[in-house]
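# Sequence unavailable; structure follows:
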C-alpha cells in the first residue's frame, strides 16, 4: 500500500549482470596479449587509465563524475615499471584463481597471499598492502571490472532493514526479519539477487544511531521504506547496493544526512560518485538520488536553533579564512552538481548562519519526531533537494 | 811563511773528498736507504743515457747482494755501447767532468758527478774499488778495478785484466761494494725507483734481483729508442750575468754583437739595436735622482716605451752612441759590469719564446705503454702539453699520465719525474704534488681520491728544472709550471671521467638487466596461470627478449628503451 505520493518506484533499467566468466575471459585476454608481445619481440605493456584529479570530469548528461581517457602505459622493460608490471600479473593470476574457484578474499588476504620473497633476491613481490591495493584499483580501471567482481572485498560497513528478500548464495532472507540490527551489507554485493522488493523507496541514513531510531519507531514498516545505514561515508558495497536497488529495482533513493559539509559530501558521493573511484561511477553512483535533510531551512522551520552547533574554522570574511568547515562548504558550492538554486541557497545559508545541525538534533523535539513527523512530512510532500 | 804553506797544502789535499763529504746530501747520499737508491740511480741513468745515445734498446739488470749488516754489493749490467778502455778512468774517476756539464741540454744526469760520485761513495764506505767489466763488442772484454785518487781528482785503475770476447758481448757491468746502506722495499728504495724508471722508460727492459734472490722484471713495452736530446742555444731571458760573462770569454766571435746573435736564440741584428737603446735608457734612468720619477721611468721602459724614455733625457744620443760602441768590441773584453747591463736590459725586452726542439718528452703513447706495461691498469691515458716558457725564457714541458683500476691497489699514488728521472724525496713541497692536490677530483667522478685506485705520473721537462733544493728531489712552485701541470691533469682527468661514466653506465646496464631478469620467474608463473602456457617456455621468451634488447642497446650505445613515465 504505497503511502507516498511524491516518491514512486520506477521501472528497472539495469539487470543483474554479474558474470564471473566475463572477468575470467578478460584476464586471459590480457595475459595472452602480453605473451604475444613478448613472443614477437615487443616490449609488453598494460595501458592503465590514469588516476587522480587530472583525469576526472563531471559528465553533465549523466550527472556523474567520470574518468577521462588519459592512459599510462606500464612496460615490462622499463626500470621504473618492471616491478609494478610483475605485480599486476601476480594479482591478475590470483584473481583468476579466486574467480574460477568461486572464493572471495579481502584486500589484506590478497596482499598476504601474493607476498613472498623473489628467489635469489632480498626483495618481496609486495612489501606492503599499500603496494597491492593500488594494483587492484589499476586492474579495476584497466579491465573495467569491479574489485567485487574480482572477488576482492573490503571490510564491510553499513546495514539495511526493510521488507526486501535477498538471495545470497544458498541463503534467502527478508531483511526486516533479522532483528533490530538488520542485515549487514557485505563487501561484495555483486552476486546478491533481489527476490522480492516490497518497499517504495530506500532511505539512506548517515548515522547508525538514526537508522536504529527509525527502526525502533517502525518507520520502515509504516512508511514502506528500506533503511540503508551507511555509517559515515558509504562503503563501496553500500554504494553499489544503492545503485543496484535504484537501477535494477527502480527504487527511489532518498538520502538523510547531517546538515554539515561532511553529510553533504556523503550525499554527493552516493549521487555523483567520487574522484577516487571515478572509473566506477557508472556502477556506484546514483545521480537520481535526492536529499531529504538535514537542511538549513529545517532549523527555522522546526525551531531547532538551540540545537545547532557552530561551524569549525575561520569564516571567509575573517582574516586567515576560510578554513575548516567553511572551506569545505565553499568547495562544495563549486561542485558542478551543486550548481542549482536550491543547493547554492542551502550552502550560502550555512555560511551565513555559521552553524551545522546533526540528524540527532531532531530528538530535541521528541524521540518519535523524526519518524512520525519530520521524514513522512518532507518525503510525502516531495520536499527534497535535487 | 812555512806555516801558511803547510796549511794551504793540507787544504788542497782534502779538497775533493772534503767536497764530497760536505756535499753528500746534495748528491743524494743521505740516509741508508736513499744512498743505496742513489748508487743504483747513477749507474742505471748512465746505462740508459748511453743506450739512448747509441740508439740501443736498453736491457739493464740490477742485482743487490747482501754481504753483511748494512753491507751490499750493487751490480748493474747493461747492453749499452760499452766504454773504450782509455775512457774508463775518465767516466768513473773524475768528478765534475761529465760530457754534459755546461751544455744547454735536457739531461737525466746531474752535473757529471753521477757515477764517479757512486764510485767515491763505495770507496769511502767500504774501501773497495769499483769493478768495471766492459766491451764495445770487439774481440776483448776489459775488466778493471777503479778507484778515485782523491788528491788528483782522477780515476785510478788499481787492477786490470783483459779477456777474450768470443761471443761479441757488448755492454758494461759495474760492481760497487757499499756499506752503511740498507735495502728496503719502500717507496724510497731501489725497487720503487726502478719501477718508476721503467714506467718513464718503456723502451727499457729492467730487471732487479733483490738480496733474497727474488727476480723482478719490468719488461719493455715499447720498441722505440727515444731520440737523444739536442743542445739549444740559451734564450736571453734565461741567462745570468755569469753565463753571459763566461760565454763571452769562450766564444770565437769577434764582436759582442756577433757573439749575442750567434750564441743566443732569438737575438737578431735588430734586437741588438734595440738592446743598445735599452742599455742606454737604463744608464740614463740611473742618473735620475728623484726615486719616484725613476720608478715611473722603469715602468715605462717595461711597457716598451724605450724611445720616449730616451728622449726625456737631454743628450741621450751620446749615451746611445757609447753603448753602440760596446757592441762592436771583442767579446772577451766584455766586463762583468757590461754583462750585467746586458742581462738587466734583457729583462725589459721582449723576445720570441725560446725554441723547444731540445725538449724530449716521453710522449703520450710511450707514457701509456709504460703505465700499462708496469702497472697493468684497466684504464690509462696520457697528456703531453705543448712546450711553454717560465720566468721569461726557460722552456719547459709538462707530461701527465693517469692510470686507473686493474691491478692498481686503491689509494692515490703520485709518480714524480723531472726529465724522466723519478723523484723519490721531498714530495710535499714539490709543485707536482701541489698541483695534483689542487685539482677538484670530485668533478671527475673520483669521489674519494685517497681510496681511488689511481696512479698519476707527472714529468716536468726542461733544460733547467727549478729544483727547490740541492737534493734535486722537488720542483719549485713556479706559477707557469704549476698551471701547466694543472691543465695537463685536468685534461687527463676528463678522459678518466669519460671512462668512469662509461663504466658506471655499463655497470648500471648490468644492474638494470638483473632488475628485469629477477622478475621473470614471477611473471612467467603468473602468465602461465593466466594463459595456460608452460611456465618454462614463457620464462625463456622473456629472458631471450631481455638479452636481445640489451645486446641491441649495447651496439647502439644508448639507453633502452624509451622510458614512459608512469603516475604513482
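Noted; the coordinates are in hand. Note that the structure is predicted; figures quoted are calculated from it, not measured.

# And for the helix or strand hosting residue B:248, what's in contact with it?
If you go by DSSP states H and E, residue B:248 is part of helix B:241-250. By CB atoms under 8 Å, 6 or more residues apart in numbering or on different chains, the list of residues contacting helix B:241-250 from outside reads B:234, B:256, B:259, B:263, B:331-332, B:334, B:336, B:339-340, B:342-343. From N, CA and C alone the C-beta is placed, and that goes for glycine too.

# tell me the phi and psi of whatever residue of chain A ends up closest to chain B?
As assessed by CB to the nearest CB, chain B sits closest to residue A:31 within chain A, at 2.9 Å. Here is the backbone geometry of residue A:31 (degrees, to the nearest 10): phi -60, psi -40.

# Spatially, which residue comes closest to it, not counting chain neighbours?
residue B:530 (2.9 Å; CB to CB, 6 or more residues apart in numbering or on different chains).

# how about residue A:357, what does it touch?
Per CB under 8 Å, 6+ apart, neighbours of residue A:357: A:258-260, A:294, A:296, A:298-299, A:304, A:307-309.

# If I look at it, what pLDDT would I see?
On the pLDDT scale, residue A:357 is placed at 94.

# what does residue B:559 give?
Predicted confidence (pLDDT) for residue B:559: 44.

# cool, residue B:16 as well?
Reported pLDDT for residue B:16: 65.

# now residue B:504
Note for residue B:504: predicted pLDDT of 79.

# Same check on residue B:112?
51.

# Same check on residue B:103?
53.

# same thing with the one 5 residues further on?
Residue B:108 is assigned 58 on the pLDDT scale.

# now do residue B:255
92.

# swap in residue A:216?
93.

# Contact partners for residue 322?
This is for chain A. A:313-316, A:329-330.

# nope, chain B
Counted by CB under 8 Å, 6+ apart, residue B:322 has contacts residue B:280.

# Now with 7 Å, please.
Contact analysis of residue B:322 by CB atoms under 7 Å, 6 or more residues apart in numbering or on different chains lists nothing.

# can you check residue A:309 too?
Residue A:309 neighbours (CB under 7 Å, 6+ apart): A:355-356.

# where does the chain dip in pLDDT?
As the question left the chain open, I've gone with chain A. A:1-6, A:17 (pLDDT under 70).

# wait, chain B
Looking at chain B by pLDDT under 70, you get B:1-18, B:21, B:26, B:93-113, B:392, B:470, B:553-568.

# Contact residues of it facing chain A?
Proximity of chain B to chain A, by CB under 7 Å from any CB of the partner chain, involves residues B:512, B:515-516, B:518-519, B:521-523, B:526-527, B:529-531, B:533, B:538, B:541-542, B:545, B:548-549, B:561, B:563-564, B:566-567.

# Count the neighbours of residue 130 for me.
With no chain named, the answer covers chain A. Residues lying near residue A:130 (other CB atoms under 10 Å in any protein chain shown) number 9.

# Chain B, not that one
For residue B:130, using other CB under 10 Å, the count is 29.

# Residue A:173: what's its closest spatial neighbour, skipping adjacent residues?
Closest to residue A:173 by CB to CB, 6+ apart is residue A:166, at 6.2 Å.

# Closest one of the contacts of helix B:241-250 to chain A?
For the contacts of helix B:241-250, the closest approach to chain A (CB to the nearest CB) belongs to residue B:234, at 64.4 Å.

# so that closest one sits in a helix?
No: Residue B:234 is assigned coil when assessed by DSSP: H, G, I helix; E, B strand; the rest coil, not a helix.
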